[in-house]
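Enquirer: Provide a 3D model corresponding to the input given below.
(chains A, B, C and D)
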There are 4 protein chains.
Amino acid sequence: MKFSFKNDYSEGCHPDILQALLQYNADQQAGYGEDEYSLKAKELIKEKIKKTDSEIYFVSGGTQANLIVISSVLKPYQCVISASPGHILNNETGAIEATGHKILSIETEDGKLRPSDIIPVLENHKNVPHQVMPKLVYISNSTELGTIYQSKELEELSVFCRQYNLYLFMDGARLGHGLMSEISDLTLDKVAGLTDIFYLGGTKNGALLGEAIIVNNAALQEDFAFNIKQKGALLAKGRLLGIQFLELMKGNLYFDLAKHANQQAMKIKNALQAKGVKFLSDTYTNQIFPILNNDLIQILSVNFEFYIWKKIDDNYSAIRLITSWNTGDAPVNQFIDVIEDNL
Amino acid sequence: MKFSFKNDYSEGCHPDILQALLQYNADQQAGYGEDEYSLKAKELIKEKIKKTDSEIYFVSGGTQANLIVISSVLKPYQCVISASPGHILNNETGAIEATGHKILSIETEDGKLRPSDIIPVLENHKNVPHQVMPKLVYISNSTELGTIYQSKELEELSVFCRQYNLYLFMDGARLGHGLMSEISDLTLDKVAGLTDIFYLGGTKNGALLGEAIIVNNAALQEDFAFNIKQKGALLAKGRLLGIQFLELMKGNLYFDLAKHANQQAMKIKNALQAKGVKFLSDTYTNQIFPILNNDLIQILSVNFEFYIWKKIDDNYSAIRLITSWNTGDAPVNQFIDVIEDNL
Amino acid sequence: MKFSFKNDYSEGCHPDILQALLQYNADQQAGYGEDEYSLKAKELIKEKIKKTDSEIYFVSGGTQANLIVISSVLKPYQCVISASPGHILNNETGAIEATGHKILSIETEDGKLRPSDIIPVLENHKNVPHQVMPKLVYISNSTELGTIYQSKELEELSVFCRQYNLYLFMDGARLGHGLMSEISDLTLDKVAGLTDIFYLGGTKNGALLGEAIIVNNAALQEDFAFNIKQKGALLAKGRLLGIQFLELMKGNLYFDLAKHANQQAMKIKNALQAKGVKFLSDTYTNQIFPILNNDLIQILSVNFEFYIWKKIDDNYSAIRLITSWNTGDAPVNQFIDVIEDNL
Amino acid sequence: MKFSFKNDYSEGCHPDILQALLQYNADQQAGYGEDEYSLKAKELIKEKIKKTDSEIYFVSGGTQANLIVISSVLKPYQCVISASPGHILNNETGAIEATGHKILSIETEDGKLRPSDIIPVLENHKNVPHQVMPKLVYISNSTELGTIYQSKELEELSVFCRQYNLYLFMDGARLGHGLMSEISDLTLDKVAGLTDIFYLGGTKNGALLGEAIIVNNAALQEDFAFNIKQKGALLAKGRLLGIQFLELMKGNLYFDLAKHANQQAMKIKNALQAKGVKFLSDTYTNQIFPILNNDLIQILSVNFEFYIWKKIDDNYSAIRLITSWNTGDAPVNQFIDVIEDNL
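Expert: Here you go, the predicted structure:
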């Protein structure tokens, strides 16, 4: 059996979650997210984001969260701005467009957006009413390329969005990993203070499923629950989501899990760098993109699964390695050993 | 703590499911439904429906299943026909219309559709191209009123639909309960043979979440997975759905759970009938709608939760009682005791 | 060649419009409704509605007007309330649902809505967030059955809508006919004062095409033009719509045309009533629904075209006769002659 | 009064059309495109395209035609491929996305698509079912940059599309101009033979409004009319569209008008080239994009209206000049005079 570095959703969930599911299994609870676990989990999240007036909704996954947020926030003629590697642009089968909204793509090297990237797009969309109206800026942290936003970057983007009357929405499918990056100076409460709406990903950080959508902007809170139901995202047994976030939010578990994932990736990164390996992007989260000789990739494939991300030239390709909350030391060390034996 | 007869999704899941989640938790598996549990569960379902050429997809809940099926099957100008109590008409926040499709409602006493109900609707929709084209007949079994389809009824409807070039889609959120009704002569394989598409509900019959959409009509199978992804319904950890259906499909568990739920409801029904109580509809599944004096309803409310379904007159109302796979004898007997003490 | 009483869009347009098209044909004008004719026509409409702060947009037809207004005004989870004969419910191929919105149908005898009709629907839609939210009341004047709203009726409905936070939208495809009915005490400026949004139909009252959408509620005016463009309704040569409404709004032409149409229908109605004929509904506009013996219908069919609207019994059916701005005295008198000769 | 070279929809329509509207004005005709003029116009078009089995529908404008064609042809998860200057991408307020479909943009210098442009996009969309499925190739002829497709180019694209199971759709808002370009070897019947669906633009070539959608692929013909009605595009007085196309299709009028427009543009182009002026793109239709000194642009602006299309550097900008069927010699000569006096 090969060990998989293909993604961070290969395994089940953190054991505390399963224990809680066992413990509470026989309780009768109200349905559709009105259970006591969901209510408690929301309180814990509000404490951690330090905003008691935010509203929180649990949904099953990232694509679902993205399509609900965007279709709820925008009017029919308004559109989204995203960096070109954005998950909503490439990997959601047109889910956003299926709700009626265009996504304008901006090419950026590192998958991040800055005000200077966005201004030309706004300039090119002034032919009223013949063009869609840009209204929501979609960013991911960590990004689809494993990069992160620092405090100053998010602040600048937030100020810019308010100035231009744009909503700022952060896809946080890997927000834990972004915040726990060894180089990050951003914190969860800052994210809540600087965005109109964002979500905290559970699926890729220890849960069986679940993302917590956090609506900070009061104007976007009204009737948000209707959209969740209409899109088929309101689980009858909402307790399943509530219990998971309740466990993840206890103490520092959510952040510890993300930190562990990052550390395992950094171990591999450091070993590769020590051997002079270059990377496609300079990441400090649980995704790394080393550029390796095709022969070495072949050797690694014997015992490990991973994606070949991009052909560099006839001899070299970048691969993508992802670690998770559950990636043990053994596979990491074994991977490093193969590298060191062959470089 | 009151005991709740409000619905069949108040508790967690069947213990076998939790044990399986524990057992398989650390395994690495492919994502998005390609895990081995999902594949095995699909094989078990195909055995039970006795159709190896059907395609099966797991999604999270009933509204999600309904909107995916309908939006996948219909062209933009085609519409759905439903009995007036249909879940898609009343309790899904316009989820079907949000995908662009009209639902034509047909008033029926028992929540069931017969060819004679449908013909007038077809007759009234012949002003091409000024009217929507009826194309899919949506039925529920058991229905939202707790009634069921017998073999002969489903056969007639199926023949009719083929004759009129209509698709037949069965909402099976409570299909276990429908099939295990003491008066039902319908079987799962007959359902598969007589419908173009249907689903097998897990959420209301022992799972934490999950419905198995079963596509029997080959013409509807093509590219179905795209629709699931686009609507945000493709879970990264599809194993969560696979493991649950794998357990439910082992032996006769799925049917035993539904049978138990029905039996608990029938116990209460029989006790009430013995006291001369009338019912809003004559049901043999896990939903009953007794008509009670408001004073008695008041007394029952002290220890039990349930919905007051319909006001009958100034003194009487119908209440809805729902039992589940997990409804024990104790609350049932206690409820009967209160009835017998007060009637 | 039979004379047609089938509808009020069988002929071309009023001669003044053609003359204006000829006169202005060579002028160069700005596109997309920014031409001087459109601007002048809007000014004339504002004078007639006595509201200078309304915004006016010209579109091509009624279905287009309905779908643009409704999809612009509603949030994704909000729905429309309509009387059961509503054009949007029956004769627009699901155009409203195609924009994502459900229509709730209310059965009424005369095609009109009163607060007492609407209240039960609001009562039945309080299960938040599991049901669509009723938000817009759609009425037609004259209605699809030829009936009309009087001042007091519209006032009561308007007060009710404001009280319940509902928008009131009037489909005015035949608004001229409604207002010029011999029994109507409603005026155009009252309509503008009592509705949030309505339109003034040109297609059925002398134009080649065109409806003037009038947005009275300031909250609904913002960015309305985007929706028109997005739905493909913004004509490059907007002058075509502007010139037509400019002519129709000169003096009293628009109302004179509607009055003429009504009078021709009333002549037939009076002749029929004098012979003891009954009607399906008691109308005073350009639509009448006499109930005739099938033999007489056969005789009338020799020289006239009309719709057989509804079978009454084995011997009698209701037919629909529609007159227009261009229905001359000759066919009306000829029709009456046939009646009088055969009754 | 300045003369406008801003677009080809500044004036009314060709005089023959107005005469026909006058002549037929009083006739009673069936509504919704069943009038005899529409039927005759369709016959004439079928003769000109030399395909009797195509189906033809008249609609009001280009955005409407584009959104109806695309939403009719595609399944929910399928998307469009367009060159980056595509009208559907930039100037239709997200009309296509509003019907649920993504547009993939391909950067090309001249606004045209070749198989080699499309192949990489297909290669990058193979992650089933996580990405939209490319299914329809949208091209314009002439393009938004004034360039054209030659026979060989369209043949190669057509073969490619059939090979890859893609539909080929040509936006023909300016198809007359494309075909009548002095360098074009493409003909209308070839266009009909090589595309699955296309339209013939009236609005920009002598009509008041109107585009003729021509459905060549039999598989796409079924029920097409429903989509037209549902999108609000079925005019009650369809005769307005029928009469116009009937006139345009008589003899060679449609092509003569386009040829005239092209010739007037070429006169200006030649005069500019004689003075050494460079152009943004090398066009032979009614759109030209000369690069001029800002001072000269200022001088030209005194008597002419046109768009400044693109800033080239601090001293030079490209302007867009468009001529039409109605652009006389006087303004063309006057424009050339100003150029010659100032260069």
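
Enquirer: domain ranges for chain A?
Expert: If you go by automatic domain parsing, the domain ranges for chain A are A:3-7+A:255-342, A:15-253.

Enquirer: dump those to CSV, plus mean pLDDT and distance to residue D:122.
Expert: In short, each C-beta sits where N, CA and C put it, glycine included. Shown next, in CSV, are these (pLDDT from 0 to 100; distance: least, C-beta to C-beta, whole Å):
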stretch, mean pLDDT, distance to residue D:122
domain A:3-7+A:255-342, 96, 17
domain A:15-253, 97, 15
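
Enquirer: pipe those into TSV and attach distance to residue D:266 and mean neighbour count per row.
Expert: Listed next are those as TSV, based on distance: least, C-beta to C-beta, whole Å; neighbours: other C-beta atoms under 10 Å in any protein chain shown:
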stretch	distance to residue D:266	mean neighbour count
domain A:3-7+A:255-342	47	18
domain A:15-253	28	21
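
Enquirer: go through these and name the closest to residue D:61.
Expert: Proximity to residue D:61 (C-beta to C-beta) singles out domain A:15-253 among the domains of chain A, at 12.3 Å.

Enquirer: gap between the two ends of the closest one?
Expert: When the termini of domain A:15-253 are compared using C-alpha to C-alpha, to the nearest Å, they are 11 Å apart.

Enquirer: ok, is that domain in contact with chain C or not?
Expert: Yes. Domain A:15-253 reaches chain C (C-beta under 8 Å from any C-beta of the partner chain) through A:32, A:71-72, A:75-77, A:99-100, A:128-130, A:133, A:223, A:225-230, A:234.

Enquirer: and chain B, which of those reach it?
Expert: Filtering those for neighbours of chain B using C-beta under 8 Å from any C-beta leaves A:226, A:229, A:230, A:234.

Enquirer: nearest to chain D among these?
Expert: residue A:230 (15.3 Å; C-beta to the nearest C-beta).

Enquirer: got the contact list for that closest one?
Expert: Each residue near residue A:230 by C-beta atoms under 8 Å, 6 or more residues apart in numbering or on different chains is listed here: B:92, B:93, B:94, B:95, B:98, C:76, C:77.

Enquirer: of all those residues, which two lie farthest apart?
Expert: Spanning the widest gap among these are B:92 and C:76, at 13.1 Å by C-beta to C-beta.

Enquirer: show me where the stretch 1-150 of chain A has its strands.
Expert: Here the stretch 1-150 of chain A has its strands, by DSSP state E, counting those that start in this stretch, at A:3-4, A:55-59, A:78-83, A:103-106, A:133-140.

Enquirer: show me what the shortest one is packed up against.
Expert: Helices and strands touching strand A:3-4, as assessed by 3 or more C-beta pairs under 8 Å, 6 or more residues apart in numbering or on different chains; DSSP states H and E, comprise strand A:304-305, helix A:329-342.

Enquirer: for residue A:273, pull up the helix or strand it's in.
Expert: Secondary-structure element containing residue A:273, defined by DSSP states H and E: helix A:253-274.

Enquirer: and that helix, does that touch chain B?
Expert: No. With C-beta under 8 Å from any C-beta as the threshold, helix A:253-274 lies outside contact range of chain B, at a closest distance of 14.4 Å.

Enquirer: which helices and strands does the very next helix or strand once past that helix pack with?
Expert: Read in the C-terminal direction, the helix or strand following helix A:253-274 is strand A:278-279, with elements assigned using DSSP H and E. Secondary structure elements in contact with strand A:278-279, counted by 3+ C-beta pairs under 8 Å, 6+ apart, are helix A:253-274, strand A:290-293.

Enquirer: is the next helix or strand after strand A:278-279 positioned near chain B?
Expert: Along the chain past strand A:278-279, the next helix or strand (assigned with DSSP H and E) turns out to be strand A:287-288. No. Contact check for strand A:287-288 against chain B, using C-beta under 8 Å from any C-beta: none in range, with a minimum separation of 15.0 Å.

Enquirer: okay, now the sheet partners of strand A:287-288, with direction.
Expert: strand A:316-322 (antiparallel) (DSSP bridges).

Enquirer: quick one: the most centrally placed residue in chain A from residue A:145, how far?
Expert: Per C-alpha atoms, centre = their mean, the C-alpha nearest to the average position across chain A is that of residue A:173, at 2.2 Å. Taking C-beta to C-beta, to the nearest Å as the measure, residue A:173 and residue A:145 are separated by 13 Å.

Enquirer: need the nearest residue in space to the residue of the stretch 51-200 of chain A found nearest chain C, chain neighbours excluded.
Expert: Of all residues in the stretch 51-200 of chain A, the one sitting closest to chain C is residue A:77 (3.6 Å; C-beta to the nearest C-beta). Sequence neighbours aside, residue C:226 is the residue nearest to residue A:77 in space, at 3.6 Å (criterion: C-beta to C-beta, 6 or more residues apart in numbering or on different chains).
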